[in-house]
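Here is my input; please provide its structure:
(2 chains)
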There are 2 protein chains.
Amino acid sequence: MFLLKLLLCLLLPTNANTIRLQTPHPLLSPSESMHQIATECDKLDVGTPDLYGDFHLENSFLRQFEADLAEEFGKEDAVFLPSGVMAQQIALLVHSKEKKKTSFLCHKTSHLLIHEKEGYSELCGLHAVDLPLTEQKMGISGPPLLYDHLLEAELDDICTLIIELPHRELGGKLTPWSDIMQMQHLMKEKDISFHCDGARIFEASVGYKKSVRELASPFESIYFSFYKGLASPYGGAMLMGTNSFCEEARIWLRRFGGNLYSLLPYIVAGKAGYLKYVKDQSHPTLSFGDKHQKLLRITDSIQKKGFETVGCFEPEVPEVNMVHCFLRLSSKDCIGIRDEIEDKSGVSIFHRISELKEGDKGWDEGYRCKFELYMGQANGSIEDEIWVNTWSDFIHLASDKK
Amino acid sequence: MFLLKLLLCLLLPTNANTIRLQTPHPLLSPSESMHQIATECDKLDVGTPDLYGDFHLENSFLRQFEADLAEEFGKEDAVFLPSGVMAQQIALLVHSKEKKKTSFLCHKTSHLLIHEKEGYSELCGLHAVDLPLTEQKMGISGPPLLYDHLLEAELDDICTLIIELPHRELGGKLTPWSDIMQMQHLMKEKDISFHCDGARIFEASVGYKKSVRELASPFESIYFSFYKGLASPYGGAMLMGTNSFCEEARIWLRRFGGNLYSLLPYIVAGKAGYLKYVKDQSHPTLSFGDKHQKLLRITDSIQKKGFETVGCFEPEVPEVNMVHCFLRLSSKDCIGIRDEIEDKSGVSIFHRISELKEGDKGWDEGYRCKFELYMGQANGSIEDEIWVNTWSDFIHLASDKK
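Okay, here's the model as predicted:
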């Protein structure tokens, strides 16, 4: 609890002029973000608010946005929801009722298993089978969900296979596309629904060098988030699938209490982020490809500065525009070094770091803390030289402390 | 479906200069409402957004708002949620787990039974027993939930009694306070939790001539809504109870996917509405008492114009600042008359009306449609003379059509 408080305090900027290498999106005050969305309402010509999900309207801004995204992803329909947690539980519930089975398969690091207080079982009455079944290779070089993992499991009772692309808890690793194809084939054969946790689907799209439409194609349902790569300041998610899937999803959205009186700020911020970062890109916005290239360049340069003496990147070569950074020093030591560098240069290397505990991934290999590095519009616009110099300082000071 | 579409179309203003007698809150465009909330962020000194419910922070804007409301209502703690649907299901789940029972009691017209797609059973696995058990007196003069109704029911399997104050579907009727006292006594004796659906608790507070603290006192948990009487443009709800109740509620909020990345627009709009309409009232804001008095005056004057020939108010004397209006003509005829009056005078008597079907409350007594009249800041500020003249015209034209 103390640690959590400490970490949350660290989220707050200490100095407005600090150059923050871990901050992906531009930092806006609440008032600034609300004014910005008000301006987007005018730009996007949103003249009336949505009401209770606009379920029975055909020409609302919300319904048009849903239809546009469904088209983009090659699905029949789409449903806007306030959160991804709700989106995925609803997807699982719809598939479960259809298949009349209550078990689903997912990777051990699935968001459902580690961040949602067992909502899938406590609230939805579903049962999770996590893969791989064995603990082998679940260390720092742990694999994403692979086709071979499915062969370990008893599939007869399973209604849904859920796969996260990219795997966030593994630093953005992607399941090889050939495995996805094999999985799809097997799922069809076994009459199991195939759902994609695509919270960061635009990141995955670049990693696979595929359009989101190609990427969504093997899946019966797929969701993505608006407040991650698309930088919406509040939240929001889109869930897509067949017409009947979405019709059922809207009923469940009502049951969850998720079709709020109005979701206007989420919808408008979400659409604005989607247009800015994906659809209607114009200079000086970085594409997801630009951000991935930048991260590849930066991590390569850092490794060439002797990073392996104090830490490592997971994966070593970022597959998308995110990566995890494991460090051999305690978080306390890392924070000390960070502050020393910041005082001197005005550049902060991270502001959010978490302590590893014995038994955590990487502990046995000597790592004591880690942080996530996500490349966005804000930190992606910081010159390479500043990145490399700051990390060089960090490596230098950390080597002395070891 | 057609009717629903029709009704939703009717929601849209036809003429910006029309005086709208059924519109309780000022109509703002999406952009205007968002700019207004941005301004409120500055006025309320909200410098940082909440993150995932701010569960582990002590000094956030959100947590302070929750603490202030808990204090106001005389409860130990409060939890802000995006919707009332979620708030009430969570309240029922927490009480159910504590009592290890899955049945709850509620009035036949409870929101849970008629507007939530059976979420309480389909999602939460709970069982509803609706009261009164008999259909007697459930016509147009149907009673609110009364103490006597409890005596009809088998109470051994019940974990929670839920009561709506005021009863929205009955035009804002209140259970007599002496019945609430008797209910509280019986619930204690039977070890049953007593929960208040206080969506419109500030309205009830005026009706009972009691502070919200007095009103909340008999209940172990209570919730209220920010987008009804408090006129937040988006949504939001506050659920209150003991510390342990709220601790559990926060876990369920996570399971429901309701602690969004940020609830900022809802929290700020909610607090602004609470200050404006309840706490820090200043001229020219109408109090809930003013609005109730206005509605009493208006309905009394309308009745004196011979309203009983074409319709009735339910209840005849409004107990709070809302009432239902039943009409003997078809909704098509009513819309025709409304349009005729609006063309002539620029005053619209209603914009949202629903058709009764055979079997609906009031059908056997000859009523064919109804609408809800809620007195708020906007329509409450329209001069009495305009109200009475417009209704007189309506009564006159409707009498001719009958």
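
Tell me how chain A divides into domains.
A:2-24+A:284-401, A:44-279 (automatic domain parsing).

So what would you say the end-to-end distance of the longest one is?
Across its full length, domain A:44-279 reaches 14 Å between end residues, using Cα to Cα, to the nearest Å.

related to what we said a few turns ago, from the domains of chain A, which stretch is densest packed?
Mean neighbour count (mean count of other Cβ atoms under 10 Å in any protein chain shown) peaks for domain A:44-279 among those, with a mean of 21. Where C-beta positions appear, they are placed from N, C-alpha and C, glycine not excepted.

mean confidence score for stretch A:16-32?
Averaged across stretch A:16-32, the pLDDT comes to 94.

contacts for it?
If you take Cβ atoms under 8 Å, 6 or more residues apart in numbering or on different chains as the criterion, stretch A:16-32 is touched by A:13, A:36, A:231, A:233, A:342, A:346-352, A:371-380, A:382, A:386-387, A:390, B:38-39, B:41-42, B:46-49, B:264, B:268.

Now render the domains of chain A as a markdown table, adding distance to residue B:84.
Listed next are the domains of chain A as a markdown table, based on distance: least, Cβ to Cβ, whole Å:
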| stretch | distance to residue B:84 |
| --- | --- |
| domain A:2-24+A:284-401 | 29 |
| domain A:44-279 | 7 |
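
Mind telling me which of the ones you listed the model trusts least?
Taking the average pLDDT of each of the domains of chain A, the minimum falls on domain A:2-24+A:284-401, with a mean of 91.

Tell me the residues on the stretch 51-200 of chain A that lie near chain B, please.
A:51, A:56-57, A:81-87, A:89, A:116-119, A:122-125 (Cβ under 8 Å from any Cβ of the partner chain).

so of the residues you listed, which ones are in strands?
residue A:81 (DSSP state E).

So which of the residues of the stretch 51-200 of chain A next to chain B are in helices?
Among those, the ones falling in helices (DSSP state H) are A:84, A:85, A:86, A:87, A:89, A:119, A:122.

these two touch, right, the fifth one and residue B:254?
No: because the distance of 11.4 Å does not satisfy Cβ atoms under 8 Å, residue A:89 is recorded as not touching residue B:254.

Next, show the common contact partners of the two.
Here residue A:89 and residue B:254 have A:116, A:119 as joint contacts, going by Cβ under 8 Å, 6+ apart.

Now do stretch A:320-327: distance to the chain's middle.
Put simply, stretch A:320-327 sits 13 Å off its chain's centre (Cα atoms, centre = their mean, to the nearest Å).

meant to ask about stretch A:314-334
On the basis of Cα atoms, centre = their mean, stretch A:314-334 sits 16 Å off its chain's mean C-alpha point.

quick one, strands of the stretch 201-350 of chain A?
Counting by DSSP state E, counting those that start in this stretch, the stretch 201-350 of chain A has strands at residues A:221-225, A:237-241, A:311-314, A:322-327, A:347-348.

Would you mind giving those strands as CSV with distance to residue A:359 added?
Converted to CSV, these look like this (distance: least, Cβ to Cβ, whole Å):
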stretch, distance to residue A:359
strand A:221-225, 29
strand A:237-241, 32
strand A:311-314, 17
strand A:322-327, 15
strand A:347-348, 30
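
Dump those strands to TSV, plus distance to chain B.
Below are the strands of the stretch 201-350 of chain A laid out as TSV (distance: least, Cβ to the nearest Cβ, whole Å):
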stretch	distance to chain B
strand A:221-225	9
strand A:237-241	9
strand A:311-314	24
strand A:322-327	17
strand A:347-348	17
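
Now do the residue lying closest to residue A:287 once chain neighbours are set aside, the pLDDT please.
Spatial nearest neighbour of residue A:287, excluding adjacent residues (Cβ to Cβ, 6 or more residues apart in numbering or on different chains): residue A:281 at 5.8 Å. Residue A:281 carries a pLDDT score of 79 in this model.

Where do the helices of the stretch 201-350 of chain A begin and end?
Taking DSSP state H, counting those that start in this stretch as the test, the helices found in the stretch 201-350 of chain A are A:201-208, A:212-216, A:243-256, A:264-274, A:288-304, A:331-345.

Residue A:330 and residue A:368, how far apart?
Using Cβ to Cβ, to the nearest Å, we find residue A:330 at a distance of 5 Å from residue A:368.

Which residues are in contact with each of the two?
Jointly contacting residue A:330 and residue A:368 under the rule Cβ under 8 Å, 6+ apart are residue A:355.

related to what we said a few turns ago, pull the number of nearby residues for the residue nearest to residue A:287.
Counted with other Cβ atoms under 10 Å in any protein chain shown, residues neighbouring residue A:281 total 14.

Any idea how far stretch A:328-345 is from the middle of the chain?
Distance of stretch A:328-345 from its chain centroid, counting by Cα atoms, centre = their mean, is 27 Å.
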